[in-house]
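In: A structural model of the following input is requested.
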Amino acid sequence: MLAMSSAIPSPLYVEELAMNERITPHHLDYDRLSVESSDLVKSLANRLMYTVGKDHIIAKDRDWYFALANVVRERLMERWMRTMRDYYRRDCKRVYYFSLEFLIGRSLSNSLLNIGFPEECKAALKEVGLDLEALSECEPDAALGNGGLGRLAACFLDSLATLALPGFGYGIRYEYGMFRQCLEDGQQVEHPDNWLRYGNPWEFPRAEKLYPVHFGGRVVTFNDNDGKLRHHWVDTDDVMAMAYDTPVPGYRNNTTNNLRLWSAKASRDFDLRYFNEGNYIKAVEDKNQSENLSKVLYPDDTTRMGRALRLKQEYFFVCASLQDILHRFQRFHTNFDELPDKVAIQLNDTHPAIAIAELMRLLVDVHHLVWEHAWSLTQQTFSYTNHTLMPEALETWPVEIFENLLPRHLQIIYEINQRFLRDVGHRFPGDPERARRMSLIGEDGTRHIRMAHLAIVGSHKVNGVSQIHTELMKRTIFADFDQFEPGKIINKTNGITPRRWLNQANQGLAALITSRIGSEWVADLTRLKGLESLADDPAFQAEFRAIKLANKVNLAARIKDKTGISVNVDSLFDVQVKRMHEYKRQLLNVLHVITLYNELRADPHAPRVPRTVVIAGKAAPAYTMAKLIIKLINDVADVVNNDRSIGDRLKLLFLPNYDVSSAQAIIPAADLSEQISTAGTEASGTGNMKLALNGALTIGTRDGANIEIGDAVGEENIFFFGLTAEEVAAMRQCGYDSRAYYARHAALKQAIDMIGAGFFSAEEPARFQRIVDTLLQNGDHYLLLADYESYVHCQRRVDELYAAPTAWTRAAILNVANMGRFSSDRTIAEYAAEIWGIEPVRQLPNA
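Out: Numbering: from 1, shown residues only. Sure, this is the predicted structure:
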């Protein structure tokens, strides 16, 4: 259990407060805003008129949405201000979560549920003839992330606030996000996701929070008056970082934390000389180039210019964030020795790892701390979360790009590396190969900086995100580091917020659960254990099935609206929703669909469980293989869905532009959760947790958090198949021959041959030859063919259980009941106690 903070107010804070009270002789009073229906109606009318500036006679749904968003936002403000004020007054240690992504989804319904007045709001809207659900649809998803990394960060912010832990999120305010995915002739086409087109009522621009960020230039080295060596970074190109704040409410506890996102602003908006000469484009060129930094999430890094932009993005946000953190720290502290006692910084993957070199630059070059002291403070301040086991996915940067963009940081990294390798040599004398493997500088091919190594060396703790992931980190890619500092690498299994992923996304199931075990589960997911005794209760099972059916009806209507395809709501809804990547093996899912299709064609009258297969996810714009797989999915779907002999017994759908709102519609309707990555490749996964929490049974490999889900729900309530991580490694070491599996299994051979022969692409028979070559000629790196037979057999077990509704429902209820350990509240409580050293700061109820 987390202890409550009892920090003593900082003397500097007390002094500043006294000074402010002298400057402001009169206490400012403000309205205490109630959530009574009548007061909400009046607030809504005021906001429509005075904030949106519209007459109710001509107001459209979007106008009413903005008015309502402001009504809700106003009721967050007192909590937010009081929380921030209390953090300062107590001088408590805070955690700062650095992430390149925050996939927060929509804020309206989440804020209403967390503050606690959704029903009052619905009643108020009904009085004026409005519908909450319709207005909620006017809110775009905040395009601040792509996949699990950004959604995890959003869950963690929710849990920090719900646990009353002092925390900030820091990231980038992307103007266009990643992209809006459309399908044209079955192919992914990327369009700008202009989510800020109409403004964002949940953010607060902070024009006064403006920090310079430098690039390029050169480093001048000199001795100061005391003879000490100094470094001065000069002749730089400068960009300004401006803060935008978004409140993050905890669940009904009056704590509201902050997400601060940085937007790039030009240091010089306009060159009047060029304008007067008639060169209007040149006049604003510098402004446009500067502000490109925060335009798009993950620019295409296949070109040198794209890679440079991505590195500039990463440095831009950590540079601004560290300046902001040190400014806050120095307001009330004069001794940097206190920094690790007041500041903890968590690096979410390697994207923000350059922060380690930047903090060293600030401490050594700006604040003139000696190297050893600065390095000790840096290591005590930072911790790092690793999210991948694949060496090719670990971020590296060519030394040459660093030399051009961040010359001082390159010097600092060289110095860190030299001192670190000296310590490695002392610990393991006579082992140059080990030193080569552990070096922050990779010498194979083009010299490059290994950002994961920098993050490990510069942090006091490093964590994996599932038990198997952490063990594999220590045994494989980071074995040398684990041997060098045993105990530094620890596990913190990921989690999800039940507020978003059950209480909000599946309100029917949430209400059923509350009716049986009370509402405490929303803030303490372990309370779901109370559902175990209801797993065999016929009445509870019937209600559980009815809610699942209602969710499937809703999703079927959404599918019909978006694709024009009707699906059978009594069919098994088989769902795979995640970013498109070969290791996640959407292609294995397609091979199974083709196998089912062939079986149905061969015996149209055989009794089969009808199945609707739903796949969704974005492929990175430059990831041509993943985009080709999307095209294959859609071409297979076109054939299967239009075969009248199959009818509604099998449907395949690819739903475009998967985002948080889509997930909240798809996940509650799922019967089967596809978690089929090659064992040893998925660090954790959180989609598996969301689906299981909503009553979907998992079919998956023993990979990531699947293993822990199996431990929690029982092996009899999950469908495991395929090779283990150890078996995968052994097979690759011994020599894997994918063609032997192709020749051995007639159904597999038939499916691959149909793809290769153009059965699904008659107008272009060779369209998918590259996919066939990847499976048969290029080694089938992710072992789809090796796992195919086990996967198909496991899917037959799925059919058998689904054909027995009572047994299936029992297993689904037991999945929900045993998901308590996968709450992000548990994860964050462990981080707080074992890594960050922060304590709750409880807020009193509203007066």
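
In: measure the residue sitting furthest away from the middle of the chain to residue 520 for me?
Out: If you look at how far each residue of the chain sits from its centre, by CA atoms, centre = their mean, the farthest one is residue 225, at 48.9 Å. The span separating residue 225 from residue 520 equals 64 Å under the rule CB to CB, to the nearest Å. (C-beta placed from N, C-alpha, C; glycine too.)

In: same check, this time on residue 106
Out: Residue 106 is 26 Å from residue 520, where distance means CB to CB.

In: now swap in residue 154 and tell me
Out: Taking CB to CB as the measure, residue 154 and residue 520 are separated by 23 Å.

In: tell me which of residue 106 and residue 520 has more neighbours.
Out: residue 106 (21 against 12; other CB atoms under 10 Å).

In: wait, the more buried one touches residue 143, no?
Out: No: under the criterion of CB atoms under 8 Å, residue 106 lies out of contact with residue 143, with a separation of 11.7 Å.

In: how about stretch 385-395: buried residues?
Out: With burial defined by 16 or more other CB atoms under 10 Å, the residues of stretch 385-395 counted as buried are 385-389, 394-395.

In: ditto for stretch 114-128
Out: Along stretch 114-128, these residues count as buried under the neighbour rule (16+ other CB under 10 Å): 114-115, 117-118, 120-125.

In: using CSV, list the CA coordinates for it.
Out: Coordinates of each C-alpha in stretch 114-128 appear next as CSV, following Å, rounded to 0.1, in the frame of the first residue of the first chain:
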residue,chain,number,x,y,z
ASN,A,114,-13.5,10.2,-13.6
ILE,A,115,-15.0,13.4,-12.1
GLY,A,116,-18.2,11.6,-11.5
PHE,A,117,-21.2,13.2,-13.1
PRO,A,118,-22.1,11.5,-16.4
GLU,A,119,-25.7,10.9,-15.4
GLU,A,120,-26.3,14.5,-14.3
CYS,A,121,-24.7,15.6,-17.6
LYS,A,122,-27.0,13.3,-19.7
ALA,A,123,-30.0,14.6,-17.8
ALA,A,124,-29.0,18.2,-18.4
LEU,A,125,-28.4,17.6,-22.1
LYS,A,126,-31.8,15.9,-22.4
GLU,A,127,-33.5,19.0,-21.0
VAL,A,128,-32.3,21.0,-24.0
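
In: the chain should start at 15 in everything you say after this.
Out: Done: numbering now begins at 15, and the last item shifts to stretch 128-142.

In: touching, residue 438 and residue 498? I think so.
Out: Yes: taking CB under 8 Å as the contact criterion, residue 438 and residue 498 are neighbours in contact, 6.4 Å apart.

In: neighbour count winner among those two?
Out: Between residue 438 and residue 498, counted using other CB under 10 Å, residue 438 has the larger neighbour count: 21 against 18.

In: can you give me the strands for the stretch 565-714 of the chain?
Out: Taking DSSP state E, counting those that start in this stretch, the strands of the stretch 565-714 of the chain run over residues 586-591, 625-630, 664-668, 686-689, 711-714.

In: my bad, the stretch 365-514 of the chain
Out: Counting by DSSP E, counting those that start in this stretch, the strands of the stretch 365-514 of the chain are 396-399, 410-412, 455-456, 462-464, 475-478, 503-505.

In: ok, for residue 854, nearest residue in space, not its chain neighbours?
Out: Residue nearest to residue 854 in three dimensions, not counting chain neighbours: residue 178, with 4.1 Å by CB to CB, 6 or more residues apart in numbering.

In: where's residue 524 relative to residue 825, distance?
Out: 20 Å.

In: one more: residue 749?
Out: Relative to residue 825, and taking CB to CB, residue 749 is found at 39 Å.

In: which one of the two is surrounded by more residues?
Out: Each of residue 749 and residue 825 had its neighbours counted (other CB under 10 Å), and the higher figure belongs to residue 825 (20 against 6).

In: return the residues in contact with the more buried one.
Out: Going by CB atoms under 8 Å, 6 or more residues apart in numbering, residue 825 touches 711, 730-731, 815.

In: could you report the neighbour count for the residue nearest to residue 854?
Out: Using other CB under 10 Å as the criterion, residue 178 is surrounded by 22 other residues.

In: equivalent analysis for residue 104, please.
Out: Around residue 104 sit 18 other residues, with neighbours defined as other CB under 10 Å.

In: against residue 738, how distant is the residue lying closest to residue 739 once chain neighbours are set aside?
Out: In space, and not counting its chain neighbours, residue 739 is closest to residue 694: 3.4 Å by CB to CB, 6+ apart. Relative to residue 738, residue 694 is positioned 8 Å away (CB to CB).

In: those two: which has the busier surroundings?
Out: Each of residue 694 and residue 738 had its neighbours counted (other CB under 10 Å), and the higher figure belongs to residue 694 (24 against 16).

In: is that one in contact with residue 717, as I believe?
Out: Yes: Residue 694 is in contact with residue 717 according to CB under 8 Å; the separation is 6.5 Å.

In: list residues touching both of these two?
Out: 482, 739.

In: mind listing what residue 334 touches?
Out: Under the criterion of CB under 8 Å, 6+ apart, the contact partners of residue 334 comprise 225, 227, 255, 257, 276.

In: go again using 7 Å as the cut-off
Out: Taking CB atoms under 7 Å, 6 or more residues apart in numbering as the definition of contact, the neighbours of residue 334 are 225, 227, 255, 276.

In: and residue 353, by the same measure?
Out: Shown here is residue 353, whose contacts under the criterion CB under 7 Å, 6+ apart are 343, 391, 395.

In: and if we set it to 8 Å?
Out: So, once contact is read as CB under 8 Å, 6+ apart, residue 353 ends up touching 343, 347, 391, 394-395.

In: between the residues you listed, which has the most around it?
Out: Within the contacts of residue 353, most neighbours by other CB under 10 Å means residue 395, with 23 neighbours.

In: read off the pLDDT value for that one.
Out: For residue 395, the model assigns a pLDDT of 98.

In: any idea how far the most centrally placed residue in the chain is from residue 779?
Out: Among the residues of the chain, residue 164 comes closest to the average C-alpha position under CA atoms, centre = their mean, at 1.8 Å. Applying CB to CB, one obtains 39 Å for the distance of residue 164 from residue 779.

In: got it, and residue 139?
Out: According to CB to CB, residue 139 and residue 779 sit 56 Å apart.

In: what's the nearest residue to residue 535 once chain neighbours are set aside in contact with, if anything?
Out: Nearest residue to residue 535, sequence neighbours excluded (CB to CB, 6+ apart): residue 541, at 3.9 Å. The neighbourhood of residue 541, defined by CB under 8 Å, 6+ apart, consists of 531-532, 534-535, 834.

In: now swap in residue 167 and tell me
Out: Taking CB under 8 Å, 6+ apart as the contact definition, residue 167 lies against 111, 113, 115-117, 159, 183, 185, 362.

In: among those, which are in strands?
Out: 111, 183, 185, 362 (DSSP state E).

In: give me the number of residues near the nearest residue to residue 555 once chain neighbours are set aside?
Out: With CB to CB, 6+ apart as the criterion, residue 555 has its nearest non-adjacent residue at 4.6 Å, and that residue is residue 823. Residue neighbour count, defined by other CB under 10 Å, stands at 20 for residue 823.

In: and residue 823, helix, strand or coil?
Out: When states are read from DSSP: H, G, I helix; E, B strand; the rest coil, the local structure at residue 823 comes out as helix.

In: that one and residue 557 touch, don't they?
Out: No: judged on CB under 8 Å, residue 823 makes no contact with residue 557 at a distance of 10.1 Å.
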